[in-house]
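1. With the input below, show me the fold.
(one chain, ligands or ions: 1)
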Amino acid sequence: MARRILAAGNWKMNKTPSETKAAIEAMKATCASEETEVLLCVPSIDIPAALEAAAGSNIQIGAENVYFEDSGAYTGEVAPNMLTDLGVKYVILGHSERREYFAETNETVNKKMIKCFEHGLIPIMCCGESLTQREQGVTMDFIRQQVKVGFLGLTADQAKAAIIAYEPIWAIGTGKTATSDQAEEVCKGIRDLIRELYGDETAEEIRILYGGSVKGSNAAELFSKEDIDGGLVGGASLKPDFGDIVNYNK
Ligand code: 13P
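-> Numbering: from 1, shown residues only. Sure thing, here's the model as predicted:
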């Protein structure tokens, strides 16, 4: 079965609830698609407004982070059932910005992965190397470690449902996109690792996205690669022309 292309936005820390509502109203028309699956991951506080605005459209709303406990004294955190109660299905985990600024580690990402599946949430787990790591030739070693630890304890069925986003740190928000061959090489390496860990069926079903300066002009080339099943898009997901990425093949 062919893997369905996913165009996922990561709004990061942008837009108030009212701005969210207006933006999504405007994106409904441009992001309409029967083929591509469309998702916008927005700040937690914007989720209700986003869901309301997206109702009746093909745009799904996801979260950018979640905590690995069910409830309790964790000031400022959001629990998984707070997201599922709103109807949220997808959540980004382990984005490089969370690793860099909020002390997220492979181990905390793993705890969150496990917790997500307990609650029926689908994680989009991010991985990706720095420029130094790429230059030192340790890209694949580093990413294999991130994915291996992130997936520890997950069953094959869970792994199959999970999504991995390969986002080279040097390509995020820099306008510097990995070439489609560079992106494909790593995405294939990730799929090979999933094959080693879980076998062929899981490797063929799991979706692997590329992220880092994806835009309308490079989406078609990236998404045409064998092992790239869509994109995780920052800046270009904030405006109606996100539709150029959703409708990359038109
Ligand atoms: P940009 O698309 O703005 O480079 O951001 C990529 C990203 O970090 C998505 O998670």
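2. in the lengthiest helix in the chain, what counts as buried?
-> When the chain is parsed with DSSP state H, its longest helix is helix 180-198. By neighbour count on 16 or more other Cβ atoms under 10 Å, the buried set for helix 180-198 is 180, 182-187, 189-191, 193-194, 197-198. Glycine gets a C-beta too; all of them are placed from N, C-alpha and C.
3. how about the residues of this structure near the ligand?
-> Proximity of the chain to the ligand (Cβ under 6 Å from any ligand atom) is limited to residues 10, 95, 167, 172-173, 211-214, 232-236.
4. Please repeat the previous calculation with a cut-off of 5 Å.
-> The chain comes close to the ligand at residues Asn10, Ile172, Gly173, Gly211, Ser213, Leu232, Val233, Gly234, Gly235, as judged by Cβ under 5 Å from any ligand atom.
5. What about the first one? Give its phi and psi, please.
-> The phi/psi pair for Asn10 (degrees, to the nearest 10) reads phi -120, psi 110.
6. just to revisit the earlier point, and which of the buried residues of helix 180-198 is nearest Ile24?
-> Ala183 (28.0 Å; Cβ to Cβ).
7. Now do the contacts for that closest one.
-> Tyr166, Pro168, Tyr210, Leu222, Lys225, Ile228 (Cβ atoms under 8 Å, 6 or more residues apart in numbering).
8. do Gly212 as well
-> Gly128, Glu167, Pro168, Trp170, Ala171, Ile172, Thr174, Lys176, Thr177, Ala178.
9. what about 6 Å?
-> Glu167, Pro168, Ala171, Ile172, Ala178 (Cβ atoms under 6 Å, 6 or more residues apart in numbering).
10. Give me the mean pLDDT for the longest helix of the chain.
-> Averaged across helix 180-198, pLDDT comes to 98.
11. try stretch 47-57
-> 98.
12. Stretch 219-238 now?
-> 98.
13. what distance separates that stretch from the centre of its chain?
-> 11 Å (Cα atoms, centre = their mean, to the nearest Å).
14. Just the buried positions in it, please.
-> 219, 222-223, 225, 227-238.
15. same check, this time on stretch 161-175
-> Here stretch 161-175 shows Ala161, Ala162, Ile163, Ile164, Ala165, Tyr166, Glu167, Pro168, Ile169, Trp170, Ala171, Ile172 as buried, counting by 16+ other Cβ under 10 Å.
16. For the ligand, see how far away the second one is.
-> In other words, Ala162. According to Cβ to the nearest ligand atom, to the nearest Å, Ala162 stands 16 Å off from the ligand.
17. doesn't Leu121 make contact with that residue?
-> No: with contact defined as Cβ atoms under 6 Å, Ala162 does not reach Leu121; the gap is 10.3 Å.
18. show me where pLDDT drops low in the chain?
-> 1 (pLDDT under 70).
19. Neighbours of the closest residue to Leu40 other than its chain neighbours, how many?
-> With sequence-adjacent residues excluded and distances taken as Cβ to Cβ, 6 or more residues apart in numbering, Leu40 is closest to Gly9, at 4.3 Å. Neighbour count for Gly9, taken as other Cβ atoms under 10 Å: 27.
20. Tell me what Gly9 is bridged to.
-> Leu40, Val233 (DSSP bridges).
21. returning to that earlier point: compile the contacts of Gly212 into a markdown table and extend it with columns for distance to Gly243 and secondary structure.
-> Shown next, in a markdown table, are these (distance: Cβ to Cβ, whole Å; DSSP: H, G, I helix; E, B strand; the rest coil):
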| residue | distance to Gly243 | secondary structure |
| --- | --- | --- |
| Glu167 | 22 | coil |
| Pro168 | 25 | coil |
| Ala171 | 22 | helix |
| Ile172 | 22 | coil |
| Ala178 | 23 | coil |
